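Colleague: model this:
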Amino acid sequence: MGEREYPQINGYRLRELKISRGLMLRRLERVSAVPYERLNTLEPGGGAVKEGMIEELADALDAEPSELLAD
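Modeller: Predicted coordinates:
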């Protein structure tokens, strides 16, 4: 079996949505259940995320999951 591919999140877009919703990382952690440490590494440059994480973040940010995906 090959390596599993995880979706890539756009860190810039994550930050943009977070700011537009008036959220800080600690508040986003609470409403999304994504750990602060992980959010802190994703926000500057993005990266691969486990299944379900994009949906959790999108729900917390009142956004579509596709808005968070890297191009």
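
Colleague: which non-adjacent residue is nearest residue 33?
Modeller: The spatially closest residue to residue 33, leaving aside those adjacent along the chain, is residue 56, at 6.0 Å (CB to CB, 6 or more residues apart in numbering). Every residue, glycine included, has its C-beta placed from N, CA and C.

Colleague: Look at that neighbour and say how many residues are nearby.
Modeller: Other residues lying near residue 56 total 16 when counted by other CB atoms under 10 Å.

Colleague: That one against residue 34, yeah?
Modeller: Yes - Residue 56 lies in contact with residue 34 (CB atoms under 8 Å); the separation is 5.9 Å.

Colleague: check contacts around the residue nearest to residue 33.
Modeller: Residue 56 sits next to 32-34 when contact means CB atoms under 8 Å, 6 or more residues apart in numbering.

Colleague: Filter those down to the ones in helices?
Modeller: Of the positions in those, residue 32 sit in helices, assigned by DSSP state H.

Colleague: What segments of the chain are strands?
Modeller: For the chain, the strands defined by DSSP state E occupy 8-9, 47-48.

Colleague: Pull the number of nearby residues for residue 64.
Modeller: Residue 64 has 10 neighbours, counted by other CB under 10 Å.

Colleague: Find the nearest non-adjacent residue to it, please.
Modeller: If the residues on either side of it in the chain are set aside, residue 64 comes closest to residue 58, at 6.1 Å by CB to CB, 6+ apart.

Colleague: right, and the one you found touches residue 69 too?
Modeller: No - with contacts counted by CB under 8 Å, residue 58 stays clear of residue 69, the gap being 9.7 Å.
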